[in-house]
Structures are given as structure tokens and as C-alpha cells.
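J.: take this sequence and fold it.
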Amino acid sequence: MTTTNSYQVIDDPKYGYARVDPIPTDEEVERYYQEEFYATTYQAFNDSAQVVQDEQRDFNRMRYHDVLDIASSILGGMTGRSVFDIGCGFGEFLKFASEQGLHCAGMEVSTEAVDHVKGLGFDVFLSEIQTDFSMVGDTRFNLVTLFNVLEHVREPVKVLTDIRTHLIDPKGVLAVDVPNEFNLFQTVANDEYDLEQWWVAPPAHINYFSPTSLKRTLEHSGYEVVDTVASFPLELFLLMGDVYVHDQEKGRACHDRRVQFEHTLRKHGKTAELVEFYRLLARANLGRQVTCYARPRA
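T.: This next block holds a predicted model:
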């Protein structure tokens, strides 16, 4: 157990993933997003945030390609399929999926982002953090994606259950991507450099998953997990002396080296081997991110 400000981090007694205790109230979460997150992330979209998205576009599109490729292998092809992206931001994944011929829609908490994505021609729903998927209506989607969302919500099991009930096709695929927190490389680096568990950041991040606990949470929510893939273990750089925490310039340099690693393998036709490497990392509960691919249980 760890303590930060007025919160402790505990293992959820029912589902086993780590979370802050007490759980922030609805009012605390909404106030944070209205007064801090939206103001720094969304209001600046037309300048600095757009620049960042442009810089990261090639790297993100490699990741999006992997997501659709894995989903295709589970679904038996993507021709004529539909995608719903929860927390779609400014529509980067929707644009990529649409270019692959998929019918795309999404949901987002920011009015600015929703207006922007609607301007791109997509159906997008404005929601709160703890959303109500019934607003989407009766349409069911073949692929539902949840990228960097589940760590933010007060009731992750409810969100996952509501997706199964209201959003995903009974034979569809849910792809959930979250930070892999309290992993071995991260905690050793924290102890080595006294970094005060920099990844614990309530009320923005309420929940903290590993590959094991994310899989268990999905199973509790009525899904069968069929694939789990991690991402490059960025904390390796910390263990090699590149302490990028709170150092934006060094963090960018480490990220660029990670991108070069992936780009070189893909350039030489080794994408399948790279993805398999990331599957092996997930089995060891390592990697910076973890993505679980799951299907609703019959």
C-alpha cells in the first residue's frame, strides 16, 4: 500500500486491481477535468496539442495498425466492420480506421473535441467521464476500443459491463489499453532514484492495472480475454541511468529511441515478431502499456 496526499493505493477488495482509496467523488473528478485537464489539454488543441499529434502521428499509426490487425484475426476479417472509440479525443484513431474502410463512431468528454471530430464527418457523442452508453441507441459495433480511459473512471467494472450490455456486438471484440503500473522495472527504478511513485496521480488516475489484473477485471465483467499485448518497456531507460521522470527533454529522447527500435523492426518486415515480443512481455507483466482483446461471453 502507498499513500499520496489524501489518498492511499490499495488492491480493490472485490476485483483485485490497484486503485486509490477513497475513490474520488463524482464532483471531485468532474471538477478536475473541468478546471485542469480540459483547460490544459483541450483548450490548447489548435496550437500545441495539434503539434504534438502531428509529431506522434506515424508512431500512433503503427500502433493502430497492430490493433486492427489483431482485431481482424479474432473477427475473421474487417471488411464491412464497424468501430466505436470511447474517449476518441480528436479522432486520430477514427481517421485511421476510416481510411481502412471501416464505419467509425466515437464518444468523448470534451465539447471542443466532439465539435472537431464531428467536423471530420464522424458520429460522435458527448459524454461525462462515467458515461451512459444507452445514448448511442440500438447500434452494436464489431470493435469497441478503450484507449487510456479505464484508469480514469470511478467504476471500471460498470463501464466494461455497460459496454457489453449496450455497445458491443455479441460476437465483437473489445480492445482495452491502459498503462501497466507497478510493474517490476517501474518499481525498481522508483526505489533506486526515490521518484515517489510518480505514476500515482489521483484524481486523474484512479485505477492502476497490470496485464494480470486487467485480464481478471475483464473476466469479472463478462468477457473472455483472447489476446494480451504489451508495449515497449520504457522504464528500461530508467534502469540504464536515463532518469526521464520530470525531465521532458530526456523523456522525449527516450521515446525517440523507442520509436527507432520499432521503426527499424517494421522496416525490415518483422512486425509479427515485434508483436510476439510484446505478447511475451505481457505474460511477464512488463511493458509500459498493456492491451487486452476480449469477447463477450455467451
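J.: select the longest strand from this protein.
T.: strand 168-179 (DSSP state E).
J.: how about that one: buried residues?
T.: 168, 169, 172, 173, 174, 175, 176, 177, 178, 179 (16 or more other Cβ atoms under 10 Å). Backbone N, C-alpha and C define where each C-beta goes, glycine included.
J.: other SSEs contacting that strand?
T.: Packing partners of strand 168-179 (3 or more Cβ pairs under 8 Å, 6 or more residues apart in numbering; DSSP states H and E): helix 50-75, strand 141-147, helix 156-166, helix 211-220, strand 289-296.
J.: so which of the ones you listed comes closest to residue 108?
T.: Ranking the helices and strands packed on strand 168-179 by proximity to residue 108 (Cβ to Cβ) places strand 141-147 first, at 11.8 Å.
J.: where does the residue lying closest to residue 193 once chain neighbours are set aside land on pLDDT?
T.: Among residues not flanking residue 193 along the chain, residue 243 sits closest, at 5.6 Å (Cβ to Cβ, 6 or more residues apart in numbering). As predicted, residue 243 sits at a pLDDT of 98.
J.: looks like residue 243 contacts residue 250 (just checking).
T.: Yes - with contact defined as Cβ atoms under 8 Å, residue 243 reaches residue 250; the gap is 7.1 Å.
J.: of those two, who's got more company?
T.: Set residue 243 next to residue 250 and count neighbours by other Cβ atoms under 10 Å: residue 243 wins out with 17 against 14.
J.: need the three-state assignment for the more buried one.
T.: coil (DSSP: H, G, I helix; E, B strand; the rest coil).
J.: so how far is residue 192 from it?
T.: The spacing between residue 243 and residue 192, counted by Cβ to Cβ, to the nearest Å, is 9 Å.
J.: do residue 126 as well
T.: Counting by Cβ to Cβ, the gap from residue 126 to residue 192 is 44 Å.
J.: where does pLDDT dip in the stretch 51-200 of the chain?
T.: Where the stretch 51-200 of the chain drops to pLDDT under 70, the residues are 51-55, 130.
J.: what about 90?
T.: Low-confidence segments of the stretch 51-200 of the chain, defined by pLDDT under 90: 51-59, 109-113, 127-135.
J.: about what we covered before: residue 282 is nearest to which of the helices and strands packed on strand 168-179?
T.: Evaluated over those, closeness to residue 282 peaks at helix 211-220, with 4.5 Å, by Cβ to Cβ.
J.: from the contact counts, what lies against that closest one?
T.: Going by 3+ Cβ pairs under 8 Å, 6+ apart, helix 211-220 lies up against helix 156-166, strand 168-179, strand 223-230, strand 289-296.
J.: can you put those in a markdown table and add distance to residue 17?
T.: Below are the helices and strands packed on helix 211-220 laid out as a markdown table (distance: least, Cβ to Cβ, whole Å):
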| stretch | distance to residue 17 |
| --- | --- |
| helix 156-166 | 7 |
| strand 168-179 | 9 |
| strand 223-230 | 14 |
| strand 289-296 | 12 |
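J.: out of the ones you listed, which gets nearest to residue 144?
T.: Nearest of the helices and strands packed on helix 211-220 (Cβ to Cβ): strand 168-179, 4.7 Å.
J.: report the angle between the helix or strand just after that closest one and strand 168-179.
T.: Following strand 168-179 in sequence order, the next helix or strand is helix 184-193 (DSSP states H and E). With axes from the mean of the first three to the mean of the last three Cα atoms, to 10 degrees defining the directions, helix 184-193 sits at 20 degrees from strand 168-179.
J.: return the alpha-carbon coordinates of helix 184-193 using PDB.
T.: Taking Å, rounded to 0.1, in the frame of the first residue of the first chain, the C-alpha atoms of helix 184-193 are listed here in PDB:
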ATOM      1  CA  LEU A 184       8.900  -4.600 -11.900                       C
ATOM      2  CA  PHE A 185      11.000  -2.200 -13.900                       C
ATOM      3  CA  GLN A 186       9.000   0.800 -12.700                       C
ATOM      4  CA  THR A 187       9.100  -0.100  -9.000                       C
ATOM      5  CA  VAL A 188      12.800  -0.900  -9.000                       C
ATOM      6  CA  ALA A 189      13.600   2.400 -10.700                       C
ATOM      7  CA  ASN A 190      11.300   4.200  -8.200                       C
ATOM      8  CA  ASP A 191      13.300   2.600  -5.300                       C
ATOM      9  CA  GLU A 192      16.700   3.300  -7.000                       C
ATOM     10  CA  TYR A 193      16.100   7.000  -7.600                       C
END
